[in-house]
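> mind folding the following:
(chains A and B)
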Amino acid sequence: MIQAFAFYLFATMLIASAVLVISARNPVHSVLWLILGFFNAAGLMLLLGAEFIAMLLVIVYVGAVAVLFLFVVMMLDIDFAELRAGFVRYLPFGLLLAMVLAVEMIFAVGAWKAGSLEMAQRLVPIPSDVPNIEAIGDLLYTRYLYVFEGAGLVLLVALIGAIVLTHRARGGIRPQNISEQVKRRPQDATRNIDQPVGQGVEL
Amino acid sequence: MSYAESLSLTLSEVILAAGALVLLLVAGWAGDKATRLISWIAVVLLAVAGLALLGPAGAAFGGQYQADSFAAFAKVLIYFAAGASILIAPRFFQLADGSHMGLRAEYPILILLACVGMGMMVSAGDLLSLYVGLELNSLAAYVLASFMRSDQRSAEAGLKYFVLGALASGILLYGISLVYGFTGTTAFDGIAKAYGDGVSMGELFGLVFVFAGLAFKVSAVPFHMWTPDVYEGAPTPVTTFFASAPKVAALCMAIRVAVVAMGPAAHQWQQIVIFAALASTILGGVAAINQTNIKRLLAYSSINNVGFALIGLAAGTQQGIAAVLTYLAVYVVMTIGSFVCVLQMRDAEGRPIEAISALAGLSRSRPGLSAAFAIFMFSLAGIPPLFGFWPKFLVFDAAVAVGLLPLAAVGIATSVIGAFYYIKIVKIIYFDEPGEEVFAANNNVVETGLMLLTALAVSPIGYLAIPVLGQLSDRAAGSLF
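Predicted coordinates:
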């Protein structure tokens, strides 16, 4: 009972926020609705027993991708009114795409009903009593440790590459050099002047 | 097998990866002032990693990593080529940039990380580790190609390489996913078992896509179009690297996939390899004739050479694979030598010159350099007294032994066509009237030493190495069968 309630709650919220993503006038609001949509999709995944994908949705999409969207939307000067101008003109094309998608969905459901794919050749059978985050973590740090570390190196190379290709040492700036400041002695910085009265100071 | 044992089998990769991380910290603290020190340490690390290859053979991490003599043979070539490309870089970047900024410290580090990736590629016993190694190597290569970011051609080369490389990775991944879907495993032995039970339509499609992706990485025709542009645009030391180390890695990876994973489907992939070999030798021979840029010419030459190496793979026998390994060893030496010669083409201010016409009459001003050029060109052409002839002979011999007579015949014919443009360069150097362009003198010990070493190795003296080289490559090929 509670599952059915949760499903309908998440599903309606998801569809509603998806509609609001494309209908909101303010692009920043669109991104915020998108984040709400991601949260609801994560809830649906939880109901399906796919906790790992739920976590991914929240961490990767909400945590990184949506924030990136937000930055892009705020930084770029996009005239959204102009983007929307062709709505009626492109409507037939959009409807065609929607129809193709709908037909595909019907086929997919039909194929699924007809019988599942042959999964007998799986290398490892799915254990039913282990939560899938635990199962993935178990494999990732044992069987696939080598590939996992390799993937870490790939990310490191991407990071180095981004810095090498974009970082520029800028000239003409005056950064604070703390060790120079600490090393400075009074005799380098001040001097005593016996200033005669009535004359200007020579600096 | 415990982790400690697995790690000890992957010792050379561990040394390189850990060394690269430490050097990255050094670069972070000391900045570009430490480039020279970092370069030398990187070369020492490569040598140590090469020594670590003498360790025991075996399969690590549940068969995802294979430490055998095949991988060791390939890695020695890769480390040698990588070390050479690190050593020749500082001077080029110092002079070519114009601003005299010098080489940035990330260059040797990226090459080290690329070497880790190439080690993973040639040792891969699983499609997953193969792909991760390939991406590690490719990502480092994209950055290296556009390393001179203020130079428009270098930036363009990097972008072009990135886009086409990503496409190739996509094709390869699609093939891998098909193979995994239809065989149920990514491990090479499991795939071989599935292919041994008969090749289904899906498995066949997977095989075709995997080979298309691999052909892209070795720049075999019809997936070669990125090669001339990238080789021309990238800084010359980077081009040296591209033409040698990753080529060895990609070819050896292709050999392992073909022989170990898809060996039972040899009849299927043989057709693809034969086509790629034929097309590469023909296009590499014909398209190079009209080139006016020496780096572009060498790019087509590398396509041509890959075609010859693929002839050995097409034979599919142990003899054929051994011939390919010998071919790669000689090819790496010849390529590094000829690119070091190209590096010497600098004007008085040290800016690089790449036009072939600038070589006219070089023999009068720089007899030593001209002799080296001539040796490499004759050797690339495969003219008998020089060592470049021997691997070509081995490859054709292996092809004839399994009855691929037409393939060998076409190979020999295109080799003759290719000889035309190699000898044309020798003719320009020795018989043309010198132009007003005068190359700056070379006073760099490292470059002279490398040139001398490689020239001696491909000269007739190289024939002394045949017993050792033959035995090593035979043993390496034997570890696959």
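> show me the domain layout of chain A.
A:1-79, A:88-121, A:124-167 (automatic domain parsing).
> rank those domains by pLDDT, which is bottom?
Of all these, mean pLDDT reaches its minimum on domain A:88-121 (a mean of 79).
> what mean pLDDT does the biggest helix by length in chain B have?
If you go by DSSP state H, chain B has its longest helix at helix B:152-183. For helix B:152-183, the per-residue pLDDT values average out at 92.
> stretch B:90-101 now?
pLDDT averaged over stretch B:90-101 gives 69.
> same question, stretch B:316-328
pLDDT averaged over stretch B:316-328 gives 93.
> for it, give me every contacting residue.
B:70, B:73-74, B:77, B:247-248, B:251-252, B:255, B:258-259, B:266, B:270, B:305, B:308-309, B:312-315, B:390-392, B:394-395, B:397-399, B:401-402, B:469-470, B:472-474, B:476-478, B:480-481 (CB atoms under 8 Å, 6 or more residues apart in numbering or on different chains). The C-beta positions use only the backbone N, C-alpha and C, and glycine is treated the same way.
> just the buried ones from the residues you listed, in PyMOL syntax?
With 16 or more other CB atoms under 10 Å in any protein chain shown as the criterion, this PyMOL line picks the buried residues out of the contacts of stretch B:316-328:
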select buried, chain B and resi 70+73+74+77+247+248+251+252+255+258+259+270+305+308+309+312+313+314+315+390+391+392+394+395+398+399+469+470+472+473+474+476+477+480
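> taking the contacts of stretch B:316-328 one by one, which sit in helices?
Checking the contacts of stretch B:316-328 against DSSP H, those in helices are B:70, B:73-74, B:77, B:247-248, B:251-252, B:255, B:266, B:270, B:305, B:308-309, B:312-315, B:390-392, B:394-395, B:397-399, B:401, B:469-470, B:472-474, B:476-478.
> filter the residues you listed down to the ones near chain A?
Among the ones in helices among the contacts of stretch B:316-328, none lies close to chain A by the criterion of CB under 8 Å from any CB of the partner chain.
> tell me where the stretch 1-150 of chain B has helices.
B:3-9, B:11-30, B:35-52, B:69-87, B:89-96, B:106-123, B:127-145 (DSSP state H, counting those that start in this stretch).
> what's the third one packed up against?
Pointing back at helix B:35-52 there. helix B:11-30, helix B:69-87, helix B:89-96, helix B:106-123 (3 or more CB pairs under 8 Å, 6 or more residues apart in numbering or on different chains; DSSP states H and E).
> let me see the mean pLDDT of it.
93.
> orientation of that helix relative to helix B:106-123 in degrees?
Orientation of helix B:35-52 against helix B:106-123 (axes from the mean of the first three to the mean of the last three CA atoms, to 10 degrees) gives an angle of 20 degrees.
> kindly report the same for the fourth one.
Between the axes of helix B:69-87 and helix B:106-123, defined by the same axes, to 10 degrees, the angle is 170 degrees.
> run the chain-centre distance for helix B:69-87.
10 Å (CA atoms, centre = their mean, to the nearest Å).
> which helices and strands does that helix pack with?
Checked by 3+ CB pairs under 8 Å, 6+ apart, helix B:69-87 has helix B:35-52, helix B:106-123, helix B:236-256, helix B:318-343, helix B:445-458, helix B:466-478 packed alongside it.
> tell me the angle of the first one relative to helix B:11-30?
Which is helix B:35-52. 170 degrees.
> ok, and for helix B:35-52, which residues are buried?
Those would be B:35, B:38-39, B:41-43, B:45-46, B:49-50, B:52, for helix B:35-52 by 16+ other CB under 10 Å.
> coming back round to it: between the helices and strands packed on helix B:69-87, which one is nearest to residue B:62?
Proximity to residue B:62 (CB to CB) singles out helix B:106-123 among the helices and strands packed on helix B:69-87, at 13.5 Å.
> what does chain A put close to chain B?
Residues of chain A lying near chain B (CB under 8 Å from any CB): A:121-123, A:143-147, A:150-151, A:153-154, A:156-158, A:160-161, A:163-165.
> in strands, which of those fall?
The subset of these located in strands under the criterion DSSP state E is empty.
> quick one: which of the helices and strands packed on helix B:35-52 is nearest residue B:421?
Of the helices and strands packed on helix B:35-52, nearest to residue B:421 by CB to CB is helix B:69-87, at 23.6 Å.
> now the closest one against helix B:466-478, angle please.
Going by the same axes, to 10 degrees, helix B:69-87 makes 120 degrees with helix B:466-478.
> tell me how many other residues crowd residue B:217.
23 (other CB atoms under 10 Å in any protein chain shown).
> hmm, it is touching residue B:168, no?
Yes - with contact defined as CB atoms under 8 Å, residue B:217 reaches residue B:168; the gap is 6.1 Å.
> and the buried ones among the residues of chain A next to chain B, selectable in PyMOL?
This is the PyMOL syntax for the buried subset of these, where burial follows 16+ other CB under 10 Å:
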select buried, chain A and resi 144+145+146+147+150+151+153+154+156+157+158+160+161+164
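> wondering if the longest helix of chain B reaches chain A at all.
Yes - looking at helix B:152-183 against chain A by CB under 8 Å from any CB, the contacts come from B:158, B:183.
> who does that helix touch, helix- and strand-wise?
Partner elements for helix B:152-183 (3+ CB pairs under 8 Å, 6+ apart): helix B:127-145, helix B:188-196, helix B:201-218, helix B:226-233.
> dump those to a markdown table, plus mean pLDDT and distance to chain A.
As requested, the helices and strands packed on helix B:152-183 are exported to a markdown table (pLDDT from 0 to 100; distance: least, CB to the nearest CB, whole Å):
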| stretch | mean pLDDT | distance to chain A |
| --- | --- | --- |
| helix B:127-145 | 94 | 4 |
| helix B:188-196 | 91 | 8 |
| helix B:201-218 | 92 | 11 |
| helix B:226-233 | 92 | 15 |
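> distance check, the residue of chain B found nearest chain A against residue B:208.
Chain B approaches chain A most closely through residue B:184 (3.0 Å), counting by CB to the nearest CB. Between residue B:184 and residue B:208 the computed distance is 19 Å (CB to CB, to the nearest Å).
> how about residue B:202?
11 Å.
> more neighbours, those two?
residue B:208 (17 against 13).
> was I right to think that one contacts residue B:272?
Yes - using CB under 8 Å, residue B:208 is in contact with residue B:272, at 6.8 Å.
> where does residue B:360 land on pLDDT?
The model's pLDDT for residue B:360 equals 86.
> do I have it right that it meets residue B:435?
Yes - between residue B:360 and residue B:435 there is a contact at 5.2 Å, judged by CB under 8 Å.
> between those two, who's got more neighbours?
A direct count of neighbours by other CB under 10 Å for residue B:360 and residue B:435 places residue B:360 higher, at 19 against 13.
> which residues touch the more buried one?
B:428-429, B:432-435.
> got it, and residue A:18?
With CB under 8 Å, 6+ apart, residue A:18 has these contacts: A:33, A:37.
> now with 10 Å, please.
A:33-34, A:36-37, A:40-41 (CB atoms under 10 Å, 6 or more residues apart in numbering or on different chains).
> for residue B:30, same thing?
Taking CB under 10 Å, 6+ apart as the test, what residue B:30 contacts is B:37-38, B:105.
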